[in-house]
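1. how would this look folded up:
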Amino acid sequence: MFFRYLPSPLGPLLLVGDEQGLRLLHMDAAQPWELAADWLPASNQLDDVARQLDEYFARKRETFEVRVAPRGTPFQREVWQALQRIPYGTTCSYGELARAIGNPKSVRAVGTANGANPIAIVIPCHRVIGSNGTLTGFAGGIERKQILLELEGTWLI
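-> From the prediction side, this is the model:
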């Protein structure tokens with residue numbers, strides 16, 4: 001595994017990946033993250049991810065072309081795949097996301113899986129909002145969620 005820090009409008013981001021793809025994007029890198037003893041500082045391994053994130057924050061990129069390899073249960077991975085189908089500049093509710101994966105009664109489980117997303121921004125969990133149009137929980141904090149949605153031009157009700 002390789003890691004690097006990336007400055008961003010949200011504060012420093014911790015990127016972690018390996019030959020399989022991006023494994024982690026930790027948003028609150030200002031808070032210490034327990035780096036595994038076998039993680040190595042990236043030389044150029046995460047440059048493409050960093051470049052695409054920089055383009056996203058500069059409003060020059062709407063979709064990521066990054067290979068992701070999040071670790072999670074089959075249900076979590078299914079939710080994370082569905083998150084990647086939410087278009088830039090749009091939002092959906094947890095209920096809509098549950099219906100999108102063909103399991104409309106799994107709203108709470110979808111919310112839990114959404115909150116466990118290890119690759120925020122690239123897997124856009126910030127695009128999921130409450131059914132009444134309000135901002136709801138976000139691992140990076142509601143303020144960061146609002147910043148991301150404003151960056152994408154999403155207007156909330």
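2. use CA for all of it now, contacts and neighbours both
-> OK.
3. Domains in the protein, by residue range?
-> 2-57, 74-151 (automatic domain parsing).
4. most centrally placed residue in this protein?
-> A120 (1.5 Å; Cα atoms, centre = their mean).
5. correct me, but that residue touches H26?
-> Yes - the pair A120 and H26 qualifies as a contact (Cα atoms under 8 Å) at a distance of 7.4 Å.
6. how deep is L10 tucked in, by neighbour count?
-> L10 has 16 neighbouring residues, counting by other Cα atoms under 10 Å.
7. Point out where this protein drops to low pLDDT.
-> 29-32, 155-157 (pLDDT under 70).
8. all helices in it, in order from the N-terminus.
-> Secondary structure of the chain (DSSP state H): helices located at 47-57, 74-83, 94-100, 107-115, 142-151.
9. Same list, these, but as JSON lines with distance to V128 please.
-> Output for these, formatted as JSON lines (distance: least, Cα to Cα, whole Å):
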{"stretch": "helix 47-57", "distance to V128": "18"}
{"stretch": "helix 74-83", "distance to V128": "8"}
{"stretch": "helix 94-100", "distance to V128": "6"}
{"stretch": "helix 107-115", "distance to V128": "8"}
{"stretch": "helix 142-151", "distance to V128": "10"}
